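> below: sequence and its predicted model.
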Amino acid sequence: MKYPVQLQHPSQHGFSLIELMIVIAIVGVLSAVAIPQYQNYVMRAKWSVNLSQIEPLKLAISECLLENGMTSSACDTAAEIQTTLPQPKYSASNGITVSSTSTTLTVAVIGNNEAGSCKIEMQVDTSAGDAIWTGKTVANGSAPSCSKQQTGLAI
């Protein structure tokens, strides 16, 4: 008894090894780009939480400055601001400091490990008679400097 020979139709063949290797290479390249971007996105989201949680402090400082004739040194302690320093969710245990010079007042926030141990400074310049805040990422001792993609603030 002869069995009929079944011929495989040309459109029914599987993938060749080279086609599979090309797909794996494409997935690898996309992963190499996407994973660091995702990590930056997650870190920036944590810094967004930190920054939103210091907004009441910035408001209290601005009010203190207006009440004290824009004198920076009159608003650089929690007692003078009449508020407690907040503890943002992703900041280090002693991560909030307030300092002043003759014309500026600075609120510094140091992130915890989840936030990359980055340090940002929110600064209000009182020399022009206005309380306009600016922010930047600064070096944090031996910790690596963080980028704008990680904190949302320029260096």
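Alright, I've got the coordinates.
> just checking, residue 58 touches residue 122?
Yes - with contact defined as C-beta atoms under 8 Å, residue 58 and residue 122 form a contacting pair (6.4 Å). Bear in mind the C-beta positions are built from the backbone N, C-alpha and C, glycine included.
> the two: which has the busier surroundings?
The neighbour count for residue 58 versus residue 122, taken as other C-beta atoms under 10 Å, is higher for residue 122 (21 against 17).
> wait, what's in contact with the more buried one?
For residue 122, the contacting residues are 51, 54, 58, 106-109, 133-135, by C-beta atoms under 8 Å, 6 or more residues apart in numbering.
> at 10 Å instead, please
Counting by C-beta atoms under 10 Å, 6 or more residues apart in numbering, residue 122 touches 51, 54-55, 57-58, 61, 98, 105-109, 133-136, 153.
> so it sits in a strand?
Yes - counting by DSSP: H, G, I helix; E, B strand; the rest coil, residue 122 is found in a strand.
> that one and residue 87: what is the separation?
Distance of residue 122 to residue 87, computed by C-beta to C-beta, to the nearest Å: 16 Å.
> same deal with residue 109?
The gap separating residue 109 from residue 87 is 10 Å, by C-beta to C-beta.
> what of residue 79?
17 Å.
> for residue 77, which non-adjacent residue is spatially closest?
Closest residue in space to residue 77, ignoring its immediate chain neighbours: residue 98 at 6.9 Å, by C-beta to C-beta, 6 or more residues apart in numbering.
> beta partners for the one you found?
With DSSP bridges applied, residue 98 shows beta-bridge pairing to residue 107.
> shift numbering so it begins at 370
Let's use 370 as the start, then, which means that last one is residue 467.
> can you pull the pLDDT of it?
pLDDT, residue 467: 91.
> I figured it hits residue 453, correct?
No - the pair residue 467 / residue 453 is not scored as a contact, 11.6 Å apart, by C-beta atoms under 10 Å.
> between these two, which one's more packed in?
Under the criterion of other C-beta under 10 Å, the comparison of residue 467 against residue 453 puts residue 467 first, with 18 against 11.
> contact partners for the nearest residue to residue 443 once chain neighbours are set aside?
Residue nearest to residue 443 in three dimensions, not counting chain neighbours: residue 437, with 3.9 Å by C-beta to C-beta, 6+ apart. Going by C-beta under 10 Å, 6+ apart, residue 437 touches 443-444, 449, 495.
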